[in-house]
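J.: Sequence plus predicted model, see below.
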Amino acid sequence: AQSVTQLGSHVSVSEGALVLLRCNYSSSVPPYLFWYVQYPNQGLQLLLKYTTGATLVKGINGFEAEFKKSETSFHLTKPSAHMSDAAEYFCAVIEGGFKTIFGAGTRLFVKA
Amino acid sequence: EAGVAQSPRYKIIEKRQSVAFWCNPISGHATLYWYQQILGQGPKLLIQFQNNGVVDDSQLPKDRFSAERLKGVDSTLKIQPAKLEDSAVYLCASSLEVYEQYFGPGTRLTVT
């Protein structure tokens, strides 16, 4: 079975600083990878996805992620954090061609 | 385009009582998902429908949970009887294809 590991349940950055949220996956086949964001009392929203093609994927709100097969990683980055980025972020992988497996999540805090 | 609708948003019940949640997916989305999100964890897939049929329900506790999707549109998830450990947010999502799921706001269930 595939799994997703998000390193760090909480990450705190200053406004304007680089955001780096880490995600590693286990998969025996080429994976489909996703990042979702969840704001308080809301459902999840897709930030970006990797299915095939270019390994650097750009998403909404200035986020991007790079698929690194050799490292089995799909880390999420944003060059400059904004207060509105404070939320919980989930990395996810598709298993069996149709079933989405989510990581435990990383809560991002942004300090003024 | 209207999003995924869920009701109620909040529900408090006593253990051993029953409860039902309702989901209306985005129009035209053939696939509907129910997830359980326990505090501090990522969403866990309970059941996935493709139109009227069940694609995966391997993590649905079938002794107490049931779900149906009538006419391939709306869906209800029921718990009977509820246990304390069922306290969680229940998320409904829908998609045209598995690579982009749209989530509703969720129903927060508290079992006392």
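T.: Alright, I've got the coordinates.
J.: can you give me how far the helix or strand of chain B with the lowest mean pLDDT is from the chain middle?
T.: In chain B, no helix or strand scores lower on mean pLDDT, DSSP states H and E than strand B:53-56, which sits at a mean of 91. How far strand B:53-56 lies from its chain's middle: 14 Å, per Cα atoms, centre = their mean, to the nearest Å.
J.: And stretch B:19-37, by the same measure?
T.: 6 Å.
J.: mind exporting it as PDB, just the C-alpha atoms?
T.: Extracted in PDB, the C-alpha atoms of stretch B:19-37 (Å, rounded to 0.1, in the frame of the first residue of the first chain):
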ATOM      1  CA  VAL B  19     -27.100  10.300  12.800                       C
ATOM      2  CA  ALA B  20     -27.200  11.000   9.100                       C
ATOM      3  CA  PHE B  21     -25.300  13.400   6.900                       C
ATOM      4  CA  TRP B  22     -26.300  14.600   3.500                       C
ATOM      5  CA  CYS B  23     -24.200  15.600   0.500                       C
ATOM      6  CA  ASN B  24     -25.100  17.100  -2.900                       C
ATOM      7  CA  PRO B  25     -22.200  17.000  -5.300                       C
ATOM      8  CA  ILE B  26     -21.400  19.300  -8.100                       C
ATOM      9  CA  SER B  27     -23.700  18.800 -11.000                       C
ATOM     10  CA  GLY B  28     -22.400  16.300 -13.500                       C
ATOM     11  CA  HIS B  29     -19.700  14.800 -11.200                       C
ATOM     12  CA  ALA B  30     -20.000  11.000 -11.500                       C
ATOM     13  CA  THR B  31     -17.700  10.200  -8.500                       C
ATOM     14  CA  LEU B  32     -18.600  11.000  -4.900                       C
ATOM     15  CA  TYR B  33     -16.500  10.400  -1.900                       C
ATOM     16  CA  TRP B  34     -17.000  10.400   1.900                       C
ATOM     17  CA  TYR B  35     -14.000  11.000   4.100                       C
ATOM     18  CA  GLN B  36     -13.600  10.900   7.900                       C
ATOM     19  CA  GLN B  37     -11.200  13.500   9.300                       C
END
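J.: mean confidence score for it?
T.: Across stretch B:19-37, pLDDT averages out at 95.
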